[in-house]
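1. what's the 3D shape of this:
(2 chains)
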Amino acid sequence: AQKVTQAQTEISVVEKEDVTLDCVYETRDTTYYLFWYKQPPSGELVFLIRRNSFDEQNEISGRYSWNFQKSTSSFNFTITASQVVDSAVYFCALSERTGNTPLVFGKGTRLSVIA
Amino acid sequence: KAGVTQTPRYLIKTRGQQVTLSCSPISGHRSVSWYQQTPGQGLQFLFEYFSETQRNKGNFPGRFSGRQFSNSRSEMNVSTLELGDSALYLCASRWTSGGQETQYFGPGTRLLVL
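-> Coordinates of the predicted model:
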């Protein structure tokens, strides 16, 4: 069965600090996708990044970067130089490629960036 | 391209009533999924429709049903509403290409059952 664990319930940082959100996943499938979504107070889930299980290259996109490690089943997400607008709930999610499976979400991490 | 749209954005109903929510996916996307978000249970998958057929179903009672039309728009229906059905209902449109896929979400419908 699939499972996503976000151990950090809430994080509070001061503006311009870097912050890393942790995500650990479980799956039996060998091919899967990992995602990070942002949910601001408005409620909409905003897609941020996707990583395929067969591509462990870590990337940077603007202020966002991610660290995907299959060996530890982790998919951590870092925001560099945080801003107040980054305040939101961040969800890590997993879907297995086989069978067009739905997204399985973690419980989310509430990030508060203080000016 | 327009994003995923959901109507209505807010709803207030009373126990025992039924409700219908609507979702229009991103143009060209044929898959629509529905998720329920509550503070206690988090984000849970309800069902997915692809080309007017239900492809996957989550663990929800039969009071929750859905359908998809030929233009890919989807509706979700909840009958005999219970207080516990109060939630944010999110619709997602699935993009698939060359082995890659991503689900894009709409703004959600906030349902309050009194």
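2. what mean pLDDT does the longest strand seen in chain B have?
-> Of all segments of type strand in chain B, defined using DSSP state E, the longest is strand B:87-97. Throughout strand B:87-97, pLDDT has a mean value of 92.
3. and that strand, which strands flank it?
-> In the sheet containing strand B:87-97, the strands it pairs with under DSSP bridges are strand B:31-38 (antiparallel), strand B:100-105 (antiparallel), strand B:109-113 (antiparallel).
4. and chain A, which of its residues are near chain B?
-> Contact residues (C-beta under 8 Å from any C-beta of the partner chain) of chain A with chain B: A:33, A:35, A:37, A:42-47, A:50, A:52, A:91, A:95, A:97, A:99-108. In short, each C-beta sits where N, CA and C put it, glycine included.
5. Which among those count as buried?
-> Among those, those scoring as buried are A:33, A:35, A:37, A:43-45, A:47, A:50, A:52, A:91, A:95, A:97, A:100-108 (criterion: 16 or more other C-beta atoms under 10 Å in any protein chain shown).
6. how about the strands in chain A?
-> With strands called from DSSP E, chain A shows them at A:3-5, A:10-14, A:19-21, A:24-26, A:32-39, A:46-52, A:60-61, A:64-69, A:74-79, A:88-96, A:104-105, A:109-114.
7. In TSV: those, plus mean pLDDT and distance to B:Phe45.
-> Written out in TSV, the entries for the strands of chain A read as follows (pLDDT from 0 to 100; distance: least, C-beta to C-beta, whole Å):
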stretch	mean pLDDT	distance to B:Phe45
strand A:3-5	97	13
strand A:10-14	97	25
strand A:19-21	98	22
strand A:24-26	97	16
strand A:32-39	94	14
strand A:46-52	90	17
strand A:60-61	75	27
strand A:64-69	91	23
strand A:74-79	95	19
strand A:88-96	96	10
strand A:104-105	96	8
strand A:109-114	98	20
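8. do you know which of those strands lies nearest B:Met76?
-> Nearest of the strands of chain A to B:Met76, taken as C-beta to C-beta: strand A:104-105 at 18.4 Å.
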